[in-house]
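J.: Give me the fold of what follows.
(2 chains)
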2 protein chains.
Amino acid sequence: MKLLRVCMKHRSVGFVDIPEKYRLLGGRALTSSIICDEVDPKCHPLGPNNKLVFAPGLVTGTVAPSSGRLSVGGKSPLTGTIKESNAGGIPAQMLARLGIKAIIVEDQPDDDEMYILKIDASGAELLPAGDLAGKGMYEFNSLVRDRYGKGTGIIAIGPAGEMKLLNAGISCNDMENGPGRYAGRGGLGAVMGSKGLKAIIVIEDEKRRVPIANKELFDKGRKKLTDALTSHDVTSNALTNYGTAVLINIMNEAGGLPTRNFSAGRFEGAAKISGEAINETTGKRGGVGKTGHPCHPGCVIRCSNVWAKPDGSYHVAPIEYESDWALGANCGIDDLDVIAELNYICNDTGLDTIEAGCTLAVAMEAGLAEFGDGQKAIELLREVGKGTPLGRILGNGTEFTAKAFGVTRCPTVKGQSMPAYEPRAVKGIGVTYATTTMGADHTAGYTIAPEILKVGGDVDPATTEKAELARAFQATTVFIDTAGYCLFIAFAILDIPEGFEGMVETVNGVLGTNWTTDDVTRLGLEWLKREREFNEAAGFTKADDRLPEFMRYEELPPHNTVWDVPDEILDAVHDYEVEDKAERAG
Amino acid sequence: MKLLRVCMKHRSVGFVDIPEKYRLLGGRALTSSIICDEVDPKCHPLGPNNKLVFAPGLVTGTVAPSSGRLSVGGKSPLTGTIKESNAGGIPAQMLARLGIKAIIVEDQPDDDEMYILKIDASGAELLPAGDLAGKGMYEFNSLVRDRYGKGTGIIAIGPAGEMKLLNAGISCNDMENGPGRYAGRGGLGAVMGSKGLKAIIVIEDEKRRVPIANKELFDKGRKKLTDALTSHDVTSNALTNYGTAVLINIMNEAGGLPTRNFSAGRFEGAAKISGEAINETTGKRGGVGKTGHPCHPGCVIRCSNVWAKPDGSYHVAPIEYESDWALGANCGIDDLDVIAELNYICNDTGLDTIEAGCTLAVAMEAGLAEFGDGQKAIELLREVGKGTPLGRILGNGTEFTAKAFGVTRCPTVKGQSMPAYEPRAVKGIGVTYATTTMGADHTAGYTIAPEILKVGGDVDPATTEKAELARAFQATTVFIDTAGYCLFIAFAILDIPEGFEGMVETVNGVLGTNWTTDDVTRLGLEWLKREREFNEAAGFTKADDRLPEFMRYEELPPHNTVWDVPDEILDAVHDYEVEDKAERAG
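T.: Numbering: from 1, shown residues only, chains lettered A, B, ... in the order given. Below is the predicted model of the structure:
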C-alpha cells in the first residue's frame, strides 16, 4: 500500500511509502491524522494551505460485508473545524485494491483551470478537465463512462464545488454509475474545487487484492459479522425492505421529526413520504424502481433504492431518510416525486441534501416560498447551479442563508445544519450535535439507536444525562469510520456481541494486530482527541459545543419541550478527567 | 441622571435610577458593562436576548471641547463579539443634557412593525414608525425635521438596518441634519432593526445642564485640553484644513494605503482623492462645500467637511479618510465625485463605509466589476437598498461577500473589515486589528500616531515588537471612549502632557473623582478585561486574535513585506501576567 501525493500547483503526482505512524490507520483516523500533521488549523479552508485527503477504510476492498466506505478529510469551509465525511459507492474498494491507502491533494493551481486525476494500475496522472469542467454530475458521470469504460470509479464535484460553495459535497458513483453517493457534509467539495480538481477517476484493469495479514482470523471475523447483519431485524429487514426512510414514521411517532424549519416535531404528511410509501410506490410503478439495493458490491444490508418516475423510468437514487426528511418534512413537502426531483438537483449540482433541505426551509421562513410549495422549492434549488446571487446564497448553506435574510431560527451547530432528529425531543442526539468535532452530525454518534430504536440498550430520549452515552457512541463511530464499515453495521453489533467481535477480528486480520473490543473505545477516544486538538488550535472552545439559542426558548410541539441539557453535561462529553472524578465521587 | 429602559416586546419605557456600579461609567465603559451584566454571550445577536445600549460619554453635554460622542453597544452580529461603536453628530449632547446616562433597548416585538422612540424633557414614548419605516436616511431625516422641528436629534437606521444586514450602521444627524455621522461598525444597525426600532428622536425644548461635581476642576481641565488642541499642529491645522483625508497622501507615501482589495500599499491615484484635493475642489466649486467644519457643537478640531457637486449644491457630508480610502483607493477609484456618490449611498442606505468599500473591493476581485469602474460600483452598492439577493450579499459585508464568491483574499479580523492602514506595512496597527475586542478596528488602538505621524513617540512601523504599544493604546482609547471625547484629541494629548491632564481633570470635575493620569491605563485595562471576558464566554480564544492567512504569504508592494508578527507577540498584548513575568526576567 502507498500514499499518493498530488500537488495541484505543480501538477505533480507521486507515490510514497507509508510512514510507520500511519500503518495501522485507515479511513477517518488516517484522513484526520494527516490533516492534523500537515494542515495549519488557522489556514483558510479554500486557500493553498488546506489539504484534501481521500482514504478507504482499513478493511475496504476486502470481502468484509458492508465495508466499501471512502473517507474524505480536510479543514471544512462550512464549519471551520476538521472534517471527515464518508461515502459508499464503488470507488473506495477500487482504490484499496489498487494499493492506495490515501490520496493527499495539496496546494492549488495558479490558473482557474480544472483538472482530473486519473488512477489505474500503472500509476496516476493529472489531465486537464477540458469540456468535462462545469458539467452537472449526471452528464459528467455518463461522459466519463463513455470515455473510460463501464465500471470506472468516479469521485467528483458538481458545479457547486467548482463554484466553491460551502454546501458542495463530493460524489462517489454507485453501481449504476449514478452520482448519489455523497461525502456530502462540511463543504469538502468546495475544497476540491479550490484545488482545481474536478474529479478522481479510478480504473481497475485487473482485480488485485488488499493484503490481509491473518487470513484465518479475518475470515472468522467476517463470518461473525455477516451472521450478525443477516440476523438482526434492522439490518436484514427494516433497512433492506424500506431503506433508511423507514425512520420517517418512527421519528414522526416519537415527535422528533423536524418539520417546517424545526418549528414542530411531527409532520402531518409523514406517511406519504415514509419508507413504506417508497417501497409501495416503487413496487406499483415497476420499471427501474427498486428497494433493497446495495450502494456498493458486497453490502448485505442493501438499504439503497432507486426511485422511478410514474412511467417507471429512472428518476434518482437513492432517496435516503435524511434527504427525504430535509427536502420533505422540513420544507412541509409531502410529495415523493417533488422530493425526488429536489434530490436529483442536489445530486446533479453537487450539494449535500441535509444542508440543502435545511437551507430551503430557512428560505421559506424568510418568505421566499410558502412551506409546502414544492414547485417553488425546485425553482429555488435550481438557482444554485446557475450561480446567480440567490443561488450562491442558497448554495452556501443554512447559516449563510439565515444571515442573508435575517432569520434567527437557524438549526446549525458550528455552521452545519442539523440532520433529521429533533434535539428537543431526543436529548442524546442533541448532545452529539453539540459536541462532535464536526458540527451537527448524526453519524458522529448515533444515539438514536438506544433512544428511539431501542437497539444497543433502552434509553429514555427525554432525559438529559447523556454525556457518557454520546461519548461512547462518538468513540465507537470513529473506529467504524476508520475500519471503512458502513455505520449501519452498528445496529447489529450493538445488540449481538459476536458481531462486534467479528468487526474487530476483520480489522485485526487485515492489520495483524491484536486489538480487543475494549480497544475500540480507547482508540476511538484517542483519535477523537486529535481532532479536538485541531479544532482548539483553530479557535474552538466548549462555548462552541452548544445548540442554537432558539431551541432553549422555543417549545417544540407536540411534546412542548425545550432544549434543557445543562452546559455542564455538554462539557463533560469530552472532559474525561472531570467526568472520571465525578464518577469516582458518585 | 437616569437609565431609560425600553422593552420592545411590551412596548414599555421606564426611567430607573442608576445603580452605584454604573455611577462612574459613561460611553463605552457603560455600554460594555451593561452588555456584560445583562446579555448572554452565546445569544443570537439578532434574537430577543441581545440588547442595544446607547450612552453619551461622561463629559458629553458639557462644554468640554470635542466631547460630543455617543457610544452604542451590543453583541455584534458581524463579529459575534461585544461591540462598542461611537459617533459624533448632535444627539449625544442632547441626551446627556436631558439627564439620560444610557438607553437600554431590550427584546423585540412579536410583529414586524417598526417603532420610533421619542424622548423629550417630559419623558419618553414609543410610537409606530408608520410611513417613516423603510425610508432612506436623507428622506427620513428631512421628514423628521419637518414633523418635529429643526434641531431634533436623530439616531436612526436606514433600510440596511431594517433588513437586518450585517453591515448596517446607526446614524446620528449632524449640524445640517445630514445622516453622515455613523456608529457604523459591527452591524449594530441590524440589532436595532431586529428590535423593530427605526429611530430614537431627541427633542430638547429647554437647555438643561449636565451635573458637574467640581466646576473649578472641570474648567481648569477644559482650558488645558482646549489649549492643547488649539496648539497641536494635527488638531489645529492638518485635520482642520484638510479633514481626516489628509492621511491619504501620508499613508500612500508610507506604502501602507491598502489598494485594490489589499493587493498593494500604494495607489497611483492617491493625490486625486487626497485631503488636499478635497480642500482645493471644495474651495473652487463654491456653494455649500466646505472644510474645517465641526460635526457637533463645541468641537475645536473641526475635521468634518461638506462635499458639493460641481454646481456647488450639496452632495454628501462628510468625506472621511476611511470612506475616501475604502470607496476610493481600495476599489481602485480615483474620482472624488464617484466616491462622494458611493458615500451618499452608504449614508442613505445605512451602511458603514469601511465595510462597504472592502465589500466592493472583494466583489471586484470576484469579477463583479473591474477595479476602478466607479459607475459599476455605484450600481452594485445601490442593490443593497433594494434588498435583492445580490444586495443582501453585499449588505452583509466583506467576509460574507468573499464566501459568496469564493474569494480568499478577505481582509477581515473576527469578521470585520480592516480600515485604511495596511498591517504588512505598519505592524503595530496590525497588532491592534488582531487583538482588539471588536475585530479589525483602527479606532481601538491607533498606533498609526507614533508609527507614521510620529505623534506620541517615534516608532518604526516595520518592527514587530508591538505588544506593549498596542496594549497601551487600547487601554487609553477605552478611557477616551468612556469620557465621550473624540479619539482625535489623542493627537494633542499624547504630545502635550498638560492636555492629557486636562482630559482627566474634566472627567474628575464631572464625577467628583480623583483619578490621575496613571489611572487612565489602569481603568482602561480593567474595562478591556471585562470585554474580553464576554468574548471568551462567547467562544473566542487567542486563535481568533490573528490576521487573515493571505497576509502571511502574499508580499505587499511597494515594500514587498508580509505579515510576520509572531503569534507570541499577539498573545502577549492581553496576557498581562506573562508579559509582566517576561519583563521582570528580562
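J.: Show me which helix runs longest in chain A.
T.: The longest helix of chain A (DSSP state H) is helix A:517-538.
J.: So which bits of that one are buried?
T.: Of the residues in helix A:517-538, A:519-521, A:523-525, A:527-528, A:530-532, A:534-535, A:538 count as buried by neighbour count, 16 or more other Cβ atoms under 10 Å in any protein chain shown. Heads up, the C-betas are built off the backbone N, CA and C, glycines and all.
J.: Same check on stretch A:452-465?
T.: Buried, per 16+ other Cβ under 10 Å, within stretch A:452-465: A:Ile452, A:Leu453, A:Val455, A:Gly456, A:Val459, A:Pro461, A:Thr464.
J.: For the stretch 1-150 of chain A, just list every one of the helices.
T.: Per DSSP state H, counting those that start in this stretch, the stretch 1-150 of chain A carries helices over the ranges A:27-38, A:91-97, A:137-148.
J.: Which other helices and strands does the second one contact?
T.: For helix A:91-97, the packing partners by 3 or more Cβ pairs under 8 Å, 6 or more residues apart in numbering or on different chains; DSSP states H and E come out as strand A:51-56, strand A:70-75, strand A:153-156, strand A:197-202.
J.: quick one, strands of the stretch 251-400 of chain A?
T.: Secondary structure of the stretch 251-400 of chain A (DSSP state E, counting those that start in this stretch): strands located at A:290-293, A:304-308, A:314-316.
J.: To chain B, which of these lies closest?
T.: strand A:314-316 (27.1 Å; Cβ to the nearest Cβ).
J.: what residues are up against the closest residue to A:Phe550 other than its chain neighbours?
T.: Of all residues not flanking A:Phe550 in the chain, A:Arg409 sits nearest, at 5.2 Å (Cβ to Cβ, 6 or more residues apart in numbering or on different chains). By Cβ atoms under 8 Å, 6 or more residues apart in numbering or on different chains, the contact set of A:Arg409 is A:Asn261, A:Phe262, A:Ser263, A:Val362, A:Glu365, A:Ala402, A:Pro548, A:Phe550, A:Glu554.
J.: try it again with 10 Å
T.: By Cβ atoms under 10 Å, 6 or more residues apart in numbering or on different chains, the contact list for A:Arg409 reads A:260-263, A:361-362, A:365, A:402, A:548-551, A:554, B:44, B:47.
J.: same thing with A:Ile452?
T.: Applying Cβ under 10 Å, 6+ apart, we find A:Ile452 in contact with A:247, A:250-251, A:253-254, A:256, A:421, A:425-426, A:428-429, A:459, A:461.
J.: now do 6 Å
T.: A:Ala254 (Cβ atoms under 6 Å, 6 or more residues apart in numbering or on different chains).
J.: separation between it and A:Ile250?
T.: Counting by Cβ to Cβ, to the nearest Å, the separation of A:Ile452 from A:Ile250 is 6 Å.
J.: follow-up on the earlier one: top of the contacts of A:Arg409 by neighbour count?
T.: Highest neighbour count within the contacts of A:Arg409, by other Cβ atoms under 10 Å in any protein chain shown: A:Ala361, with 32 neighbours.
J.: okay but it is in contact with A:Cys331, surely?
T.: Yes. With contact defined as Cβ atoms under 6 Å, A:Ala361 reaches A:Cys331; the gap is 5.2 Å.
J.: rewinding a little: which strands and helices lie in contact with the longest helix of chain A?
T.: Helix A:517-538 is packed against helix A:27-38, helix A:467-483, with contacts defined by 3 or more Cβ pairs under 6 Å, 6 or more residues apart in numbering or on different chains; DSSP states H and E.
J.: returning to that earlier point: check the secondary structure at the residue nearest to A:Phe550 for me.
T.: coil (DSSP: H, G, I helix; E, B strand; the rest coil).
J.: if we can go back for a sec, from the buried residues of helix A:517-538, which single one is nearest chain B?
T.: A:Ala538 (6.2 Å).
J.: got a pLDDT number for that closest one?
T.: A:Ala538 is assigned 98 on the pLDDT scale.
J.: check contacts around it.
T.: A:Pro41.
J.: And the one 4 residues further on, by the same measure?
T.: The contact partners of A:Lys542, by Cβ under 6 Å, 6+ apart, come to A:Asp571.
J.: List phi and psi for it.
T.: Taking degrees, to the nearest 10, you get phi -60, psi -30 for the backbone angles of A:Lys542.
J.: wait, what's in contact with A:Arg266?
T.: Residues in contact with A:Arg266 (Cβ under 6 Å, 6+ apart) are A:Asn252, A:Gly255, A:Pro558.
J.: Name whatever forms a beta bridge with A:Val72.
T.: Per DSSP bridges, residues listed as beta-bridge partners of A:Val72: A:Phe54, A:Ser85.
J.: What's the per-residue pLDDT of the spatially closest residue to A:Asn49 that is not a sequence neighbour here?
T.: Excluding the flanking residues, the one nearest A:Asn49 by Cβ to Cβ, 6+ apart is A:Cys43, at 4.0 Å. Looking at A:Cys43, its pLDDT is 98.
J.: A:Cys43 reaches A:Lys51, doesn't it?
T.: No. Taking contacts as Cβ under 6 Å, A:Cys43 lies outside contact range of A:Lys51: 9.2 Å.
J.: Contact residues of chain A facing chain B?
T.: A:42-44, A:46-47, A:164, A:389-390, A:392-393, A:404, A:406, A:408, A:539, A:541, A:543-544, A:546, A:549 (Cβ under 6 Å from any Cβ of the partner chain).
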